[in-house]
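Asker: Provided below are the primary sequence and the corresponding predicted coordinates.
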Amino acid sequence: MRARSIPLFAMLFLFLLTPLKSLADWAYPFVVWNGYIYVVSEEKVEKVDKEIGHVTKYSDREGTYSGNFSNVFKKGTKYYSIKGISTDEAIAVQDGKGKFVKATREGKYEGDKKSSEINFIKWAAVFLVIIIIIATGGNFVKRKKER
């Protein structure tokens, strides 16, 4: 392998270290609470019960995130249970105006799982690139000494 190939491997290595995120917009507004995704509606909630959590991570870009994540509400926005409705069905989210909107449970949030899988694949590729660089670099130095 020639010395020109080493910069190619270095660029690949740097690419693998950058975060994998899509620049597309989300399909719908949601919040994640306790590992479940809740789709946010425009329906107002009048009777909230107890505070049950808050947004720990906000982003308006697609990607995989962990924690009580939202693509609509800023970090610190509070979640509440709704009187007479199980949190398995819906929760209330406080909007920026002190009002509450209903968020209906859609299903299990897979973001944490996908993030772990992507990180494993990414680091395995980085390790492989490092091994290739070391192996080809050693051969390049050996060949130069023989000349």
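Answerer: Right, received. Where do you want to start?
Asker: quick one: contacts for the residue lying closest to residue 99 once chain neighbours are set aside?
Answerer: Spatial nearest neighbour of residue 99, chain neighbours left out: residue 44 (6.3 Å); criterion: C-beta to C-beta, 6 or more residues apart in numbering. (C-beta placed from N, C-alpha, C; glycine too.) Neighbouring residues of residue 44 by C-beta atoms under 8 Å, 6 or more residues apart in numbering: 99-102.
Asker: who wins for neighbours among these?
Answerer: When neighbours are taken as other C-beta atoms under 10 Å, the top entry among the contacts of residue 44 is residue 100 (21 neighbours).
Asker: do a quick rundown of the strands in this structure.
Answerer: In the chain, the strands defined using DSSP state E lie at 30-33, 36-44, 48-54, 57-58, 69-70, 78-82, 90-94, 100-108.
Asker: JSON lines for the ones you listed, including distance to residue 132 and mean pLDDT?
Answerer: Formatted as JSON lines, the strands of the chain follow (distance: least, C-beta to C-beta, whole Å; pLDDT from 0 to 100):
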{"stretch": "strand 30-33", "distance to residue 132": "38", "mean pLDDT": "94"}
{"stretch": "strand 36-44", "distance to residue 132": "40", "mean pLDDT": "95"}
{"stretch": "strand 48-54", "distance to residue 132": "45", "mean pLDDT": "96"}
{"stretch": "strand 57-58", "distance to residue 132": "35", "mean pLDDT": "92"}
{"stretch": "strand 69-70", "distance to residue 132": "36", "mean pLDDT": "92"}
{"stretch": "strand 78-82", "distance to residue 132": "47", "mean pLDDT": "97"}
{"stretch": "strand 90-94", "distance to residue 132": "48", "mean pLDDT": "97"}
{"stretch": "strand 100-108", "distance to residue 132": "38", "mean pLDDT": "95"}
